[in-house]
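Undergrad: coords below, sequence missing:
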């Protein structure tokens, strides 16, 4: 049997960190127990916890960073933090560079990575994501790979190389990526439209194999 010990009302977002609930209340405050810190009324992302710190950004590109005791560590402008993977958080600078923060709080400057990608795969060494030149007007999807160690884009594979298919209304469309799967035996696997798996060489992006 479960027994209700306590109840917290008016919660907008929360995380459980080291066994304690940290949450944003309806007054736009970060709260843990009785300790509170004022945040922003226009937050961009959920609570980001990384390296024992809590990161918050808002629409005006202001940001605040707190420690686990909710003491303010840093406050500033022109940074929007987002979780890139379990190994990194990131922010974009001037629309030209992406800055990664690793598990040791090192800053790694990379070429620009589009954070609005609808799907992505990442480990310590590589970041793979879906790319479209125009989010609205371009129907051609590409799979892009970025080397975190080399700090550069490795390759890009365009799904336009598969040509087009006709849907039930006899309309022609480019194939789309439904899911980025992962790496096995130096092959990166993705699941594309109409139920097919494709395998790309992880080093070069060369098309290697497909299953339907």
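TA: Looks like it came in fine. Everything numeric in this text was worked out from a predicted model, so none of it was measured.
Undergrad: Kindly provide the distance from the residue sitting nearest the centre point of the chain to residue 9.
TA: In the chain, the C-alpha closest to the average C-alpha coordinate belongs to residue 84, at a distance of 4.1 Å (Cα atoms, centre = their mean). Distance check for residue 84 against residue 9: by Cβ to Cβ, to the nearest Å, it reads 33 Å. Where you see a C-beta, it was placed from the backbone N, CA and C, and this is true even at glycine.
Undergrad: likewise residue 161?
TA: 54 Å.
Undergrad: hang on, residue 157 packs against residue 143?
TA: Yes. With contact defined as Cβ atoms under 8 Å, residue 157 and residue 143 form a contacting pair (4.7 Å).
Undergrad: Mutual contacts of those two, please.
TA: Taking Cβ atoms under 8 Å, 6 or more residues apart in numbering as the contact rule, residue 157 and residue 143 both touch 200, 205.
Undergrad: related to what we said a few turns ago, the more surrounded of residue 161 and residue 9?
TA: For residue 161 against residue 9, the residue with the higher neighbour count under other Cβ atoms under 10 Å is residue 161, and the figures read 10 against 6.
Undergrad: Just read off the phi/psi values of the more buried one.
TA: Phi and psi for residue 161, reported as degrees, to the nearest 10, are phi -70, psi -20.
Undergrad: ok, it - contacts?
TA: The neighbours of residue 161, taking Cβ under 8 Å, 6+ apart as the test, are residue 207.
Undergrad: And it, how close does it get to residue 206?
TA: Between residue 161 and residue 206 the computed distance is 11 Å (Cβ to Cβ).
Undergrad: Secondary structure element holding the spatially closest residue to residue 17 that is not a sequence neighbour?
TA: Ranked by Cβ to Cβ, 6 or more residues apart in numbering and with sequence neighbours excluded, the top spatial neighbour of residue 17 is residue 49, at 5.7 Å. Remark: residue 49 resides in strand 48-50, with elements defined by DSSP states H and E.
Undergrad: Same check on residue 189?
TA: Under the criterion of DSSP H and E, residue 189 resides in strand 187-192.
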